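Participant: Pasting the sequence and the predicted coordinates here, then a few questions.
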Number of protein chains: 4
Amino acid sequence: MKIIIDTDPGQDDALTILLALISPEIDLLGVTTVAGNVNVHQATINALKTMDLAGVTTVPVHTGADRPLLRAPIDATHVHGRTGFEGADLPDPTQKAAPGHAVDFIIRTVMENPPGSITLCAIGPMTNLALAISREPELRTRLGQIVTMSGAFSEVGNITPTAEFNIYADPHAAAIVLESGIRITMLPLDVTHTLHTSAARLARFEAIGNRVGKVVADWLRFEKTFEANKYGTDGGPLHDPNTVLWLLRPELYKGRQVNVRIETASELTMGMTVIDWWGITNLPKNTLFLRECNVEAAYDLITEVLSRF
Amino acid sequence: MKIIIDTDPGQDDALTILLALISPEIDLLGVTTVAGNVNVHQATINALKTMDLAGVTTVPVHTGADRPLLRAPIDATHVHGRTGFEGADLPDPTQKAAPGHAVDFIIRTVMENPPGSITLCAIGPMTNLALAISREPELRTRLGQIVTMSGAFSEVGNITPTAEFNIYADPHAAAIVLESGIRITMLPLDVTHTLHTSAARLARFEAIGNRVGKVVADWLRFEKTFEANKYGTDGGPLHDPNTVLWLLRPELYKGRQVNVRIETASELTMGMTVIDWWGITNLPKNTLFLRECNVEAAYDLITEVLSRF
Amino acid sequence: MKIIIDTDPGQDDALTILLALISPEIDLLGVTTVAGNVNVHQATINALKTMDLAGVTTVPVHTGADRPLLRAPIDATHVHGRTGFEGADLPDPTQKAAPGHAVDFIIRTVMENPPGSITLCAIGPMTNLALAISREPELRTRLGQIVTMSGAFSEVGNITPTAEFNIYADPHAAAIVLESGIRITMLPLDVTHTLHTSAARLARFEAIGNRVGKVVADWLRFEKTFEANKYGTDGGPLHDPNTVLWLLRPELYKGRQVNVRIETASELTMGMTVIDWWGITNLPKNTLFLRECNVEAAYDLITEVLSRF
Amino acid sequence: MKIIIDTDPGQDDALTILLALISPEIDLLGVTTVAGNVNVHQATINALKTMDLAGVTTVPVHTGADRPLLRAPIDATHVHGRTGFEGADLPDPTQKAAPGHAVDFIIRTVMENPPGSITLCAIGPMTNLALAISREPELRTRLGQIVTMSGAFSEVGNITPTAEFNIYADPHAAAIVLESGIRITMLPLDVTHTLHTSAARLARFEAIGNRVGKVVADWLRFEKTFEANKYGTDGGPLHDPNTVLWLLRPELYKGRQVNVRIETASELTMGMTVIDWWGITNLPKNTLFLRECNVEAAYDLITEVLSRF
Ligand SMILES: [Ca+2]
Ligand SMILES: [Ca+2]
Ligand SMILES: [Ca+2]
Ligand SMILES: [Ca+2]
C-alpha cells in the first residue's frame, strides 16, 4: 500500500510516521508538512528528525503550506510544547527537505501512479490537500483514498466547544476535501479519546528496550499532560497514529458511512464537523466515520510494530 | 412550587401538564401555548382537552405566539400526527381559553408574585418566554427559574443533524432566553433519548386502570412509532415530562453547570445548543445541563403520579 | 392622520416630535421610547422635555424596550452627546411618563382604532415595533403603515461600512418588521445625507424668533459637528424629521418600491439593508425606498412649521 | 511593464487581451484562464482565438482552475452567450494551450523575474491567483501589483443585489487575494457602468476599418443587450478593459486608498466587497478603489489602440 503522510509533527504525528516506516505492508512514498501544531518550518525539521530516529534516508520530506487558506494561523504549542517534540527532543536533522513544494509532490505522485493506488494520510490541517485538489482536479478521481485524523462527533471539540484542532485550523481546506468526492475515512476525537496513553501502556513501549520505544514513551508522557489535566483521565488521548493503525488493521475500528460537512460560516461553530449520523438529510455519504476502537488490540499493535526498530 | 407551563401539545406535553396538575408539590398557575409541534390554535385546544381529561377547571390556558420571532414556522406533525394528539384523540374541549395573551399572563404572574417564586416550565419553542423577557426586563431578576426540555449535546439533533426541535423552531427566542441571566435547567435529548417508551412501560401505565393511564399509553404508543423506526429502539424517547419529573425529584438526574449558547448565524448548524462541557471558554455557566437520568425510577414516578387520577 | 412616534431622542428625534405636534394634518396619539441614541430612561426624559418645550401636556410618552432583542446594546453618544440633547439642553421635565409599556400602548392604539388608520413613525431601533408585531400578529394587517428613518443604499453605512445606526442597533427587530407584510416607507441615509444642516439653514431657524427655532438651531449645530467633520461638508445630515416631512409632503421625495432585507447572519455586514434596487430577485417589494429629496423645499417646510410655535 | 492576464473570456476579456497585445508599453508574458463567464475549457479556446485574431503566436495561454475553491460553479452565459464570444465568433484556434497549469505559470513567472516587476491583471474569478499565493507565499512580496476588474460599491451588485460577478463566483479566492498584502487596484462596477457602449462609440470602433475593430464592435453590441435592457441605458457597461486602460493611462481614473473586505459568511451578502470608504475602521488600506473615469478619453484611447491592428 503506497501512502503519503501529510503532517504537522507533533509527537503523535512522529509516531504515525514511525509506524508507517517500519510496517512492511506500507510503502511510505513521502512526507509532506503543513503549518498546524507548529509552524511549517519546524514541522519539516521534526519530520526530518523522525527520519533520522528511524534511520531512514530514502523517504523525501517536502515542505508545504505555511498558513491556512483564509483563517489567521493558530498553533497548538499549548499541547505539544514550543518545538512540537518536547518530552524527547532529537538531534538536529542530518537530512534536508526534498526540493519541490508539498502540493506539487502530492499531485505528481498521484498522477504518476496507477489511478486509485495512492492513500493520503492527513494528520494535520488539510491545506496542502485542498490546494492539490484545487490545482489538479483529476485528483478527485485519481487519489485512491484519504484517511484522516480529524473531526469530532459526540466527543465534541478540543480547540473550541464544537471544533477539533485539525479542522478548525483550516476549515475551508477541510470543506474542499470533504466535498471532493474522494473516498474518506475519518478518525475523530470520538476514537482518539478512547486510546488513553496510560502509564502502563507507555511503560510497555519503554520496555521494548529500543531507542524508538523510549522516545515515543517520553513524547506521549509529555503530550498527555495537557489533555489528562483537562479530562481527568489516566493519560491523554492518542490521535494521529490511528490512521496508520486503521490502514494496517481496519477490523480494529467500527463506524458508519455518513455525510460530513464542515461549518465555515459562523464563528461560534467554525470548523465543526457536522455529522449526519442518523441519515436525516439526503446528502451523499462522503465519509466512513469511525467511532469505536479495540483499544487493547491497538496498543498491542503499536507495541509490536515499534519492537521492529 | 408555583409553575407556569409554556407548551405546544403534543402528546408528551399533555403528559407533562397531567403530571403537574395531579402533583401536590406543584401549583400550576396557568398554561400558555405557542406554535411548535402544532399551530397555536391547535395547541390551545389540546391544552384545554387535557384539562378536561384531568377534570380540572381552575387552571387558565392562555394562547401565545403564533409563529417564531424571525424564522419561518415549522411544525412536527410528522412525529405527533396532524392534531398533535393522534393515538388517543379527546372530545372537543368544554372550556375556553382564558382572555389575555400568554406573554401578558407570564409577565403579570411573575410580577404579582414574590421575586424568585415562579418556575417557568418551557416545553415548546421559547417565543413567548423571549417576548416576555424582552417586554419586561424585570423578569431577568424576578423569574425564579426556567426548566426546559430542549437542546442536545452528544446525542446531537433530531430535526437537523445538529439541532433539537424546540430550539430550531425559534433559535432567536432561545438565544434571548439563554442570555437572560435567569437560572436555567435544560433537559436535552441526551436525557430524553434514554427514557425509552418500551411496550412494558406503556403496559404499566395502562395497568393503572384509570382513563388517564390508558390515554397516555395510547398517546406514547403513537408518538414512539416515528422515533423507534429512526433509532431502532424498543420505544421512542420521552421528552417533555422530564421537566416536571426533575422539579419533583431532581436527584433522579445528573448534569453539570455549563455555558450554553445558541447558533443563530449559520443555516448548517442553526439552532444548535453549543455546550462548553469542558469549560474551555470563560463564558458564564448559564445552564444546569442534565445528561443522565435514573430511568427506572423516572418511570416508577410517572406511574405512581398517574395512579392518582 | 393619526400617528405614533417610536423614538430614541436625540436632537433630530425631538425636532421630528415638534414638527408632528404643531402640524394640524397630524394627530400625534403618543410617543414611545426605545434604547438607541441614549438609554431608554434618558430617551423618555428627552421626549418629556420636548413636550414641555412645545407646551403640550396631552400627548402621552410611554417607555419601551431597554435593549435590543439579541445584540448587545450600543449607543450613539459619540454623535448626540451624553444626554442626547447637547447643544441646548432643556429644563427637567414637568410631566411624567404615562403608565403602561410602549409595546402595550402601540398594540392597544392600533387595535382600538379603525383598521389601517394608524401610522407608526419609527425613528429609533425597531425593538418596540418588532415586539408589538410578534405579540399581536393582527398588527400585520391592522397597522396602516410604517414610515422609518433607517437604512442605507449607495450612501452606505454610518456605524459600520455597511450599516446604518437604527438598523444595526437591533437588526433582528428590523428583520421582523421588514418581513411583517406591513406597508413600509424608508427614509435612508441616501436621503438624509442630502439635507445638510448648513449654517445658513440653521440661521433661518434662529431667525424665526421663537424659542423652539433657537433650540432646534442649537441642537443641530451640535449634532452636525460629528458628521460634518467626517464627511467634510457644510453641516451634517438631517435624519429623523424626514419621516414627518414625507407624511406632510410626500411629493418632496422620490424613490422606488423594492425588496429590502436585513443582514443578521454575518458580523461583517450585520444590520445592512440589502436593497434589490434593480429587481434581480423575485422577492416581494416590501418597501418604498426613497433616495431623493427636494432639499430646499424641505427646509422651507421645516422653517414654516417651526414658525407656528 | 510585464503583465500576466488571468481571464475567463468573455467578449470584454478578449478586448482587454487585444489592448495589451498591441500596446508597446505592455509586455504580455502570458494569459491564464479560469472558469467564470464560461467553463475553463471554453475560456482557453477563446483566449487562443483572440491570439489568432491579433495574429500573435508568441504569448502562451495556460489553462487554470476549472471551478471555484469552495462554492458551486456559476457562469455568466446569460450575459455573454453560450460560447462567451457571441456577437462575433471566431474560427477555431490554430494554436494550442501551453503545457503547464496556470497556477504554476504564474508562480514561475513571478519568481523568475525581478521582485516587484510583474503586474497581474485579474479579470475573472480570482481562483488561480488565490491558489498561486497559497502555494507560493513569496508571491505576497514578489508580485508587483494586481489590477482587477471586480467588486462594487455604491453601484451595488450585478449578480445579486450586493455582489459583483467576479467576486461572487469565488469569494473565498477573492478574500485570500485581498488579505495577501499585495498592492491592489480595483476597477469596480462603479467605474465600468459609466463606460456605456453606446451605438456611437461602437460605430467609431467599426470606422477604424480593420478586422479587430469590426469584431470588437460586434462583440460589445451583443454583450450590451443584456445590461442595456436591465439598466435602460444606451449601451451596456464596459468592464474588463479598464484594467489595461488604467495601466496605460492611470490619470484617467480617480479613486481612494481604502480597506476592502470580502463577505464569505452570509448567503444574503455573499461575495460583497465591503468598502470602508469613510475610514471608520482602522483596518489596513489594502486597495486603491477607483470610482471615476474620464469616459470620453477612455474611449478615445481604446479607439486609438485598436487602430494599430
Ligand atoms: Ca497532527
Ligand atoms: Ca413540546
Ligand atoms: Ca432617532
Ligand atoms: Ca472577465
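Facilitator: Looks like it arrived, so ask away. Ligands and ions are numbered 1, 2, ... in the order given.
Participant: contacts, neighbours, all on C-alpha from now
Facilitator: Will do.
Participant: Longest helix in chain A, please.
Facilitator: Taking DSSP state H as the criterion, chain A has its longest helix at helix A:211-231.
Participant: what's next to the very next helix or strand once past that one, contact-wise?
Facilitator: Sequence order places helix A:241-248 as the next helix or strand after helix A:211-231, per DSSP states H and E. For helix A:241-248, the surrounding residues in contact (C-alpha atoms under 8 Å, 6 or more residues apart in numbering or on different chains) are A:12-13, A:15-16, A:19-20, A:25, A:121, A:123, A:147-149, A:187, A:192, A:252-253, A:298, A:301-302.
Participant: Which among these count as buried?
Facilitator: Burial by neighbour count, 16 or more other C-alpha atoms under 10 Å in any protein chain shown: within those this picks out A:12-13, A:15-16, A:19-20, A:121, A:123, A:147-149, A:187, A:192, A:252-253, A:298, A:301-302.
Participant: Return the subset of those residues lying in strands.
Facilitator: Among the buried ones among the contacts of helix A:241-248, the ones falling in strands (DSSP state E) are A:121, A:147-149, A:187, A:253.
Participant: Okay, and whichever residue of the stretch 101-250 of chain A sits closest to chain D sits in which element?
Facilitator: Proximity of the stretch 101-250 of chain A to chain D (C-alpha to the nearest C-alpha) peaks at A:Ile176, 5.8 Å away. Taking DSSP H and E as the criterion, A:Ile176 maps to helix A:171-178.
Participant: which strands and helices sit next to that helix?
Facilitator: When contacts are defined as 3 or more C-alpha pairs under 8 Å, 6 or more residues apart in numbering or on different chains; DSSP states H and E, helix A:171-178 packs onto helix A:127-135, strand A:260-262.
Participant: would JSON lines of those with mean neighbour count and mean pLDDT be doable?
Facilitator: Output for these, formatted as JSON lines (neighbours: other C-alpha atoms under 10 Å in any protein chain shown; pLDDT from 0 to 100):
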{"stretch": "helix A:127-135", "mean neighbour count": "27", "mean pLDDT": "98"}
{"stretch": "strand A:260-262", "mean neighbour count": "24", "mean pLDDT": "98"}
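Participant: will you turn the ones you listed into JSON lines that also has distance to C:Ser307?
Facilitator: As requested, the helices and strands packed on helix A:171-178 are exported to JSON lines (distance: least, C-alpha to C-alpha, whole Å):
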{"stretch": "helix A:127-135", "distance to C:Ser307": "69"}
{"stretch": "strand A:260-262", "distance to C:Ser307": "63"}
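Participant: Could you pull up the contacting residues of A:His196?
Facilitator: Going by C-alpha under 8 Å, 6+ apart, A:His196 touches A:233-238.
Participant: Quick check: it vs ligand 1, distance?
Facilitator: 17 Å (C-alpha to the ion, to the nearest Å).
Participant: Relative to A:Glu296, how far out is that residue?
Facilitator: 10 Å (C-alpha to C-alpha, to the nearest Å).
Participant: ok, now A:Ser307?
Facilitator: In terms of C-alpha to C-alpha, A:Ser307 sits 17 Å off from A:Glu296.
Participant: Contacting ligand 1 as well, which ones from the buried ones among the contacts of helix A:241-248?
Facilitator: Contacts with ligand 1 within the buried ones among the contacts of helix A:241-248, as defined by C-alpha under 5 Å from the ion: A:Ile123.
Participant: How many residues are close by the residue of the stretch 151-300 of chain A at minimum distance from ligand 2?
Facilitator: Proximity of the stretch 151-300 of chain A to ligand 2 (C-alpha to the ion) peaks at A:Ile280, 20.6 Å away. The local packing of A:Ile280 (other C-alpha atoms under 10 Å in any protein chain shown) involves 14 other residues.
Participant: again, but for A:Ala72
Facilitator: 9.
Participant: Check the one 3 residues further on too.
Facilitator: A:Asp75 has 17 neighbours, counted by other C-alpha under 10 Å.
Participant: quick one: it and B:Gly151, what's the gap?
Facilitator: Taken as C-alpha to C-alpha, the span from A:Asp75 to B:Gly151 is 32 Å.
Participant: Does the least confident helix or strand in chain A by mean pLDDT reach chain B?
Facilitator: The weakest-scoring helix or strand in chain A, judged by mean pLDDT, DSSP states H and E, is helix A:77-80 (a mean of 78). No. Using C-alpha under 8 Å from any C-alpha of the partner chain, helix A:77-80 never reaches chain B; the gap is at least 13.1 Å.
Participant: So what angle separates the directions of the helix or strand following that helix and helix D:127-135?
Facilitator: Per DSSP H and E, the first helix or strand lying C-terminal to helix A:77-80 is helix A:102-112. Helix A:102-112 runs at 110 degrees relative to helix D:127-135, counting by axes from the mean of the first three to the mean of the last three C-alpha atoms, to 10 degrees.
Participant: any idea how far helix A:102-112 is from the chain center?
Facilitator: Helix A:102-112 sits 19 Å away from the centroid of its parent chain (C-alpha atoms, centre = their mean, to the nearest Å).
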